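> could you work out the structure for the sequence below:
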Amino acid sequence: MRERTDPPISKKQCGNLYLVASARSVAGATGVELESIVELLTDSVRRELANCEQIVPIKGEKNKMMITQGFNEVAKSFADPEISSIVMFTDWCKFPLYEADFGWGKPSWVSSVHVPLRNMIYLLCDKSGEGIEAWVNLSVDDMPKFEQDANIVEFTS
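All right, here's what the predicted structure looks like:
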């Protein structure tokens with residue numbers, strides 16, 4: 001997102017600029033194919049990133065509307081009785097978390113202290129930058145299904 005704004009946001013700047021990309025998927029008799037979910041999310045992220053180019057230079061009410069639009073869509077989903085399950089993802093891979101040095105050296109491992117929301121998945125790059133750690137918080141009923149899914153088992157160690 002930083003490099004997409006005009007002017008670009010500094011890599012050293014931090015704060016509360018973020019975007020919400022949402023996608024709705026309906027499961028059929030055989031479930032939902034992972035590829036279709038990925039495609040829906042990819043399209044949503046692309047739309048939101050395209051909007052990022054406009055956020056920083058715009059002042060006032062239009063800027064506020066662009067930033068809050070994604071949150072409003074998600075909030076409506078939580079209240080919609082037709083929606084049975086919401087899964088949220090956040091990607092921290094581009095944050096230079098392994099570069100932080102508070103005087104006692106860089107961290108050997110970075111993690112989230114607490115995952116407070118059910119159905120929340122945090123993605124973090126590992127220290128080498130070659131892999132991704134996923135911190136997954138699911139319900140007691142859903143976690144065993146997730147842990148036994150062939151696609152998940154294939155990529156976990």
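> contacts only, for the residue lying closest to Leu97 once chain neighbours are set aside.
Using CB to CB, 6 or more residues apart in numbering and skipping residues adjacent in sequence, the residue nearest Leu97 is Val110, 4.4 Å away. Just so you know, the C-beta spots here come from the backbone N, C-alpha and C atoms, and that holds for glycine as well. Residues counted as contacts of Val110 (CB atoms under 8 Å, 6 or more residues apart in numbering) are Leu97, Tyr98, Leu124, Lys127.
> of those residues, grab the buried ones for ChimeraX.
Only the buried entries of those go into this ChimeraX selection, using 16 or more other CB atoms under 10 Å:
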select :97,98,124
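> looking at the contacts of Val110, which are in strands?
Leu124 (DSSP state E).
> output the longest helix belonging to this protein.
Taking DSSP state H as the criterion, the chain has its longest helix at helix 34-55.
> which strands or helices does it pack on?
Applying 3 or more CB pairs under 8 Å, 6 or more residues apart in numbering; DSSP states H and E, we find helix 34-55 packed against helix 61-79.
> ok, the following helix or strand past the helix it packs on: who's next to it in the sheet?
Using DSSP states H and E, the next helix or strand after helix 61-79 towards the C-terminus is strand 88-91. Strand pairing for strand 88-91, using DSSP bridges, gives strand 120-125 (parallel).
> enumerate the positions of the strand it pairs with that are buried.
Quick answer for strand 120-125 (16+ other CB under 10 Å): Met120, Ile121, Tyr122, Leu124, Cys125.
> ok, the most centrally placed residue in the chain to Phe102 distance?
Closest residue to the average C-alpha location of the chain: Thr90 at 2.2 Å, with CA atoms, centre = their mean. Distance of Thr90 to Phe102, computed by CB to CB, to the nearest Å: 23 Å.
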